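Asker: need the 3D shape of this:
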Amino acid sequence: MAHTTINKPSAYFNNKLYAGNSGSQSITGVGHKPDLVWVKQRNGTAYHQLTDAVRGVNSQSASNAAGMGGSNTCITGFNSDGFALGSNGDVNASNKNYASWNWKANGQGSSNTAGTINSTYTSASTTSGFSIVQFTGTGANATVGHGLGVAPTLIITRPTSQSGTWRVYSEILGNTKYLTLNANSTQATGSTMWNGSPTSSVFTLGSSGDTNANNVTFTSYCFAEKQGYSKIGSYVGNGQGNANGTFVYTGFKPAFVLIKNADFASHWNIFTGDIPTYNQINDTLQPDRDAAENGTFAFDMLSNGFKHRSGDIMDRNGNTHIFLAIAEEPLVGINNIPATAR
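Answerer: Alright, predicted model coming up:
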């Protein structure tokens, strides 16, 4: 069996759980200096907070809201093995527990001139297939360089200089469809959201103000699949639950799985590999809600994929579900030791 080119996934992505203290603290053990930190309080109502190295530490966005955000008391720094926190309750309240999801790109990056719009910054990891792109919209059909060297198959875009909605491109759905990260809606049709499919150098924008308003700054998170490290795909649910729920092969033991039912108005869900420390997982965090963990699901993370156990909305019979999965361990590592289920 061929080994993955990323033998240590935590060098590019890692979950990190921590407890808040209402003051300031440094979170270590991430395994790399992150360029995107996504934090959600687990045991209480609080906004999701996304902070990236391109925009800087005083610029947050909430995946569950369209507002501007921004606070100098959320993420206050990116460190060599984690990140620093201020006292903001969304990320660091006393007696509250938090999940963080941490991606490595390439620092703040630099301008990419591959498209008709020169990005302000494109921070890209061609190894892990992840980039952060900041650009200023034109209001007309355009292309922007993503820096990945291969076409991204999932792109999350939102305006960051004004309030606005998170729009999601999925290769599975095509360039005339889109999803909305901060809503429990179904897929929608919009011919002006994306004006074509991404290429190995650029992604394509239409004239929609949601993705390309004139003189508005946007941030896009671009994901390309990397064998043995990430899987971006879809499955058709069977609604069976228990032992007969849908199994999805990823080729690795997942650390993180983001799922959306594209055919039914429902919440997005994130399953995190170390919540809890055993199978099955019942707790999810939902990017379009500020709610605490939802404990109504049943889901196994296995050595080679994931399996539904409860016949819930994420395995609805006949519906197409899209997902992004990132590895905790490759199926067979560099030492030839197979991954095991949890």
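Asker: mind picking out the helix or strand in the chain with the poorest mean pLDDT?
Answerer: Across the helices and strands of the chain, the lowest-confidence element by mean pLDDT, DSSP states H and E is strand 299-302, at a mean of 90.
Asker: any idea which helix or strand comes after that strand?
Answerer: The first helix or strand that comes after strand 299-302 along the chain, using DSSP states H and E, is strand 305-308.
Asker: got the CA positions of that next one in PDB?
Answerer: These are the backbone C-alpha positions of strand 305-308, laid out as PDB (Å, rounded to 0.1, in the frame of the first residue of the first chain):
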ATOM      1  CA  GLY A 305     -13.300   6.300   7.200                       C
ATOM      2  CA  PHE A 306     -16.500   7.000   9.100                       C
ATOM      3  CA  LYS A 307     -19.900   5.400   9.600                       C
ATOM      4  CA  HIS A 308     -23.300   6.700  10.600                       C
END
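Asker: list the helices and strands that strand packs on?
Answerer: Contacts defined by 3 or more CB pairs under 8 Å, 6 or more residues apart in numbering; DSSP states H and E place strand 305-308 against strand 247-249, strand 252-261, strand 299-302. Yep, even glycine has a C-beta here, placed from its N, CA and C like the rest.
Asker: partners of that strand in the sheet?
Answerer: With DSSP bridges as the test, strand 305-308 is paired with strand 247-249 (antiparallel), strand 299-302 (antiparallel).
Asker: quick revisit: need the winner for burial among the helices and strands packed on strand 305-308.
Answerer: For the helices and strands packed on strand 305-308, ranked by mean neighbour count under the definition mean count of other CB atoms under 10 Å, the leader is strand 252-261 at a mean of 25.
Asker: show me what that one is packed against.
Answerer: Using 3+ CB pairs under 8 Å, 6+ apart as the contact criterion, the neighbours of strand 252-261 among helices and strands are strand 13-19, strand 269-272, strand 299-302, strand 305-308, strand 320-330.
Asker: hmm, try it at 6 Å
Answerer: For strand 252-261, the elements it packs on are strand 269-272, strand 320-330, judged by 3 or more CB pairs under 6 Å, 6 or more residues apart in numbering; DSSP states H and E.
Asker: give me the mean pLDDT for that strand.
Answerer: Model confidence over strand 252-261, given as mean pLDDT, is 96.
Asker: what angle separates that strand from strand 320-330?
Answerer: Here strand 252-261 runs at an angle of 160 degrees relative to strand 320-330 (axes from the mean of the first three to the mean of the last three CA atoms, to 10 degrees).
Asker: can you list the helices and strands packed on strand 305-308 in TSV and add distance to Asn88?
Answerer: As requested, the helices and strands packed on strand 305-308 are exported to TSV (distance: least, CB to CB, whole Å):
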stretch	distance to Asn88
strand 247-249	36
strand 252-261	23
strand 299-302	30
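Asker: wait, which of these is closest to Ser111?
Answerer: Among those, the nearest to Ser111 by CB to CB is strand 252-261 (29.1 Å).
Asker: where do the helices sit along this structure?
Answerer: For the chain, applying DSSP state H gives helices covering 89-92, 209-212.
Asker: any idea how far Gly311 is from the residue lying closest to Ile281 once chain neighbours are set aside?
Answerer: Counting by CB to CB, 6 or more residues apart in numbering, the nearest residue to Ile281 once its immediate chain neighbours are dropped is Phe299, at 4.7 Å. Distance check for Phe299 against Gly311: by CB to CB, to the nearest Å, it reads 11 Å.
Asker: who's in contact with Ser230?
Answerer: Ser230 makes contacts with Ile326, as judged by CB atoms under 6 Å, 6 or more residues apart in numbering.
Asker: kindly apply the preceding question to Asn184 instead.
Answerer: With contacts defined as CB under 6 Å, 6+ apart, the neighbours of Asn184 are 265-267, 288.
Asker: so it versus Ala213, what's the distance?
Answerer: Here the criterion is CB to CB. By it, Asn184 lies 24 Å from Ala213.
Asker: please apply the same query to Asn14.
Answerer: Counting by CB to CB, the separation of Asn14 from Ala213 is 34 Å.
Asker: look at the two and report which has more neighbours.
Answerer: Asn14 (26 against 19; other CB atoms under 10 Å).
Asker: wait, Gly149 touches Ser125, no?
Answerer: No: between Gly149 and Ser125 no contact is recorded; they are 10.3 Å apart, counting by CB atoms under 6 Å.
Asker: who has more neighbours out of these two?
Answerer: Comparing Gly149 with Ser125 by other CB under 10 Å, the one with more neighbours is Ser125, at 21 against 13.
Asker: my read is that the more buried one contacts Gly107, right?
Answerer: No: taking CB under 6 Å as the definition, Ser125 is not a contact partner of Gly107, at 10.3 Å.
Asker: what's the spacing between the closest residue to Asp263 other than its chain neighbours and Phe264?
Answerer: Once flanking residues are discounted, Asp263 sits nearest to Asn319: 4.1 Å by CB to CB, 6+ apart. When CB to CB is the yardstick, Asn319 and Phe264 sit 5 Å from each other.
Asker: ok, Phe252 next?
Answerer: 28 Å.
Asker: with Thr211 instead?
Answerer: 24 Å.
Asker: with neighbour numbers in mind, choose between those two.
Answerer: Neighbours per residue (other CB under 10 Å) separate Thr211 from Phe264, with Thr211 holding more: 29 against 18.
Asker: contact partners for the more buried one?
Answerer: By CB under 6 Å, 6+ apart, the contact list for Thr211 reads 157, 167, 193, 205.
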